[in-house]
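Student: Next come a sequence and a model predicted from it.
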Amino acid sequence: MTAALKIDPKLDSYSFLSDEECDAKIVAAKSKLGKRLAILGHHYQRNEVFKHADFSGDSLKLSQMAAKTDAEFIVFCGVHFMAEVADIVTDGQRTVILPDLAAGCSMADMANLVKVKKCWEEISSVLDPDQHVTPVTYINSAADLKAFCGSHGGIVCTSSNAKAVLEWSFARRDKVLFFPDQHLGRNTAYMQMGIPLEQMVTWDFMKPRGGLTDEQIRNAKMILWKGFCSVHQMFHPNHIAKFRERVPNGLVISHPENDLEVCGKSDFVGSTEYILRTVRSSQPGTHWLVGTELNLVNRLADEMKAKGVTVEFMSPMVCMCSTMFRTDPQHLAWVLDSLVEGKTVNQIRVPREIAQPARAALDLMLEVVD
């Protein structure tokens with residue numbers, strides 16, 4: 001959903017520039033564009049890009065900032081679905097730009113509209129989903145899936161408000177189809193709401209009827225899409241066990257995109273904003289093990305070191321969001337220089353017929369959690 005799919009040949013010349021040369025171009029372009037420009041930087045961005053952001057946060061927080069700014073151009077240093085949300089919540093009144101169109105989300109790609117519609121149709125052979133099932137999509141999903149939810153009495157959730165959204169959903173219908181991240185759905189329903197695991201089934205989109213029997217579908221309270229975040233699957237319970245042996249008084253905090261066993265062995269579980277807020281409020285001498293994306297953890301570790309707080313990355317392996325990493329200083333310098341020259345590249349535009357029902361699902365979420 002973008003109005004600019006052609007590759008600008010000028011981009012090739014930027015690929016040969018050093019980060020330092022790009023820094024100079026970015027600073028100069030920001031100065032020339034002034035208040036016409038707002039750069040949004042997601043927490044998972046690499047430092048070389050993150051340092052140029054005017055606003056930082058998680059995907060929803062940044063989109064809400066986009067809606068409040070008067071900037072003409074919003075450059076979203078994140079991934080594709082985030083830029084879509086920014087375009088939706090600004091009603092297409094801003095020019096939203098994604099520096100690299102290849103910056104997607106593998107988890108979001110696990111649930112596309114064709115697969116979800118097929119799931120809905122297959123469920124309908126067992127029961128009437130419009131009567132019994134509320135579709136709930138994690139904000140980490142494509143705009144057309146948000147629109148699907150908006151068109152079927154459904155709603156959007158974030159990692160911080162999933163519990164409130166699920167409570168709202170169950171007050172209206174007896175089942176929830178939750179996509180694309182099975183772990184956020186399972187962790188929220190089981191750990192925060194006490195829904196038994198026996199009342200949850202996983203819909204395998206690679207199998208007919210999700211690999212489930214009629215009875216499993218009828219008896220399920222939560223139908224969880226078999227999607228996941230590849231970064232958060234790098235964290236394992238043994239990482240926590242080894243940390244507790246080494247640091248008996250240490251604390252463990254994890255993102256709810258981790259699997260249930262990791263979250264169950266953690267002291268705290270919450271969104272990126274929750275992780276930042278919790279660690280930042282800790283006392284000197286506290287030692288944290290953090291189970292979320294590497295760039296965020298490294299920046300937090302540097303920040304808290306001066307306060308006498310130790311922050312440690314959970315996995316011994318380097319695991320960062322590879323698609324988020326695609327946004328580099330070269331792409332950022334290119335899109336900003338293009339704006340200075342009066343040319344817009346990589347604009348993200350969600351068609352009105354998709355944006356309207358997607359906006360309804362997003363607005364409903366904000367109404368529910370307000």
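Tutor: That came through fine. Numbers count the residues shown, from 1 in each chain.
Student: mind checking the longest helix of this protein?
Tutor: Of all the segments of type helix in the chain, defined by DSSP state H, the longest one is helix 352-369.
Student: State the three-state secondary structure for residue 178.
Tutor: Assigned by DSSP: H, G, I helix; E, B strand; the rest coil, the conformation of residue 178 is strand.
Student: before we move on, the earlier item: counting contacts, what elements does the longest helix of the chain pack onto?
Tutor: helix 80-89, helix 143-151, strand 155-157, helix 162-170 (3 or more Cβ pairs under 8 Å, 6 or more residues apart in numbering; DSSP states H and E). Where C-beta positions appear, they are placed from N, C-alpha and C, glycine not excepted.
Student: wait, residue 108 sits on residue 142?
Tutor: Yes - between residue 108 and residue 142 a contact is recorded at 5.9 Å, counting by Cβ atoms under 8 Å.
Student: picking that back up, CA atoms of the longest helix of the chain as PDB?
Tutor: Backbone C-alpha positions of helix 352-369 (Å, rounded to 0.1, in the frame of the first residue of the first chain) are rendered in PDB as follows:
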ATOM      1  CA  ARG A 352      -9.500   4.800   1.700                       C
ATOM      2  CA  GLU A 353     -11.600   1.600   1.400                       C
ATOM      3  CA  ILE A 354      -9.000  -0.100   3.700                       C
ATOM      4  CA  ALA A 355      -8.100   2.900   5.900                       C
ATOM      5  CA  GLN A 356     -11.700   3.600   7.000                       C
ATOM      6  CA  PRO A 357     -12.500   0.200   8.600                       C
ATOM      7  CA  ALA A 358      -8.900  -0.100   9.900                       C
ATOM      8  CA  ARG A 359      -9.300   3.300  11.500                       C
ATOM      9  CA  ALA A 360     -12.600   2.100  13.100                       C
ATOM     10  CA  ALA A 361     -10.800  -0.900  14.700                       C
ATOM     11  CA  LEU A 362      -8.000   1.400  15.900                       C
ATOM     12  CA  ASP A 363     -10.400   4.000  17.300                       C
ATOM     13  CA  LEU A 364     -12.400   1.200  19.000                       C
ATOM     14  CA  MET A 365      -9.200   0.100  20.800                       C
ATOM     15  CA  LEU A 366      -8.500   3.600  22.000                       C
ATOM     16  CA  GLU A 367     -12.100   3.900  23.200                       C
ATOM     17  CA  VAL A 368     -11.900   0.600  25.100                       C
ATOM     18  CA  VAL A 369      -8.600   1.300  26.800                       C
END
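Student: Average pLDDT for it, rounded please.
Tutor: For helix 352-369, the mean pLDDT works out to 94.
Student: can you give me the angle the lowest-mean-pLDDT helix or strand in the chain makes with helix 80-89?
Tutor: Between all helices and strands in the chain, the lowest mean by mean pLDDT, DSSP states H and E belongs to helix 59-68, at a mean of 82. Put simply, helix 59-68 runs at 40 degrees to helix 80-89, going by axes from the mean of the first three to the mean of the last three Cα atoms, to 10 degrees.
Student: List the buried residues for helix 59-68?
Tutor: Under the neighbour-count criterion of 16 or more other Cβ atoms under 10 Å, helix 59-68 has 59-67 buried.
Student: And it, what does it pack against?
Tutor: Going by 3+ Cβ pairs under 8 Å, 6+ apart, helix 59-68 lies up against strand 37-42, strand 55-57, strand 73-77, helix 80-89.
Student: Turn the buried residues of helix 59-68 into CSV, columns for distance to residue 224.
Tutor: As requested, the buried residues of helix 59-68 are exported to CSV (distance: Cβ to Cβ, whole Å):
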residue, distance to residue 224
59, 21
60, 21
61, 26
62, 27
63, 25
64, 28
65, 31
66, 30
67, 31
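Student: before we move on, the earlier item: need the least confident one among the helices and strands packed on helix 59-68, by mean pLDDT.
Tutor: strand 55-57 - the lowest mean pLDDT of those, at a mean of 89.
Student: That strand pairs with which strands?
Tutor: strand 37-42 (parallel) (DSSP bridges).
Student: my read: residue 178 touches residue 185, true?
Tutor: Yes - contact criterion Cβ under 8 Å: residue 178 and residue 185 qualify, at 3.6 Å.
Student: For the two, list the residues in contact with both.
Tutor: 136, 166, 222, 224-225 (Cβ atoms under 8 Å, 6 or more residues apart in numbering).
Student: one step back: which one, of the helices and strands packed on helix 352-369, ends up nearest to residue 190?
Tutor: helix 162-170 (11.1 Å; Cβ to Cβ).
Student: orientation of that closest one relative to helix 352-369 in degrees?
Tutor: Going by the same axes, to 10 degrees, helix 162-170 makes 100 degrees with helix 352-369.
Student: quick one: buried residues of helix 162-170?
Tutor: Buried residues in helix 162-170, counting neighbours by 16+ other Cβ under 10 Å, are found at 162-166, 168-170.
Student: Switch the helices and strands packed on helix 352-369 over to CSV; also include distance to residue 291.
Tutor: Supplementary listing: those in CSV, determined by distance: least, Cβ to Cβ, whole Å:
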stretch, distance to residue 291
helix 80-89, 22
helix 143-151, 26
strand 155-157, 20
helix 162-170, 17
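Student: For residue 339, find the nearest of those.
Tutor: helix 80-89 (15.2 Å).
Student: so where do the strands sit in the stretch 201-350 of the chain?
Tutor: 222-225, 251-254, 268-269, 287-291, 310-313 (DSSP state E, counting those that start in this stretch).
Student: Mind giving me the packing neighbours of the shortest one?
Tutor: Based on contacts counted as 3+ Cβ pairs under 8 Å, 6+ apart, the elements that strand 268-269 packs against are strand 251-254, helix 272-280.
Student: tell me the average confidence for the shortest one?
Tutor: When you say that, I think you mean strand 251-254. The model assigns strand 251-254 a mean pLDDT of 98.
Student: Which strands border it, and is each parallel or antiparallel?
Tutor: Strand 251-254 has these strand partners (DSSP bridges): strand 268-269 (parallel), strand 287-291 (parallel).
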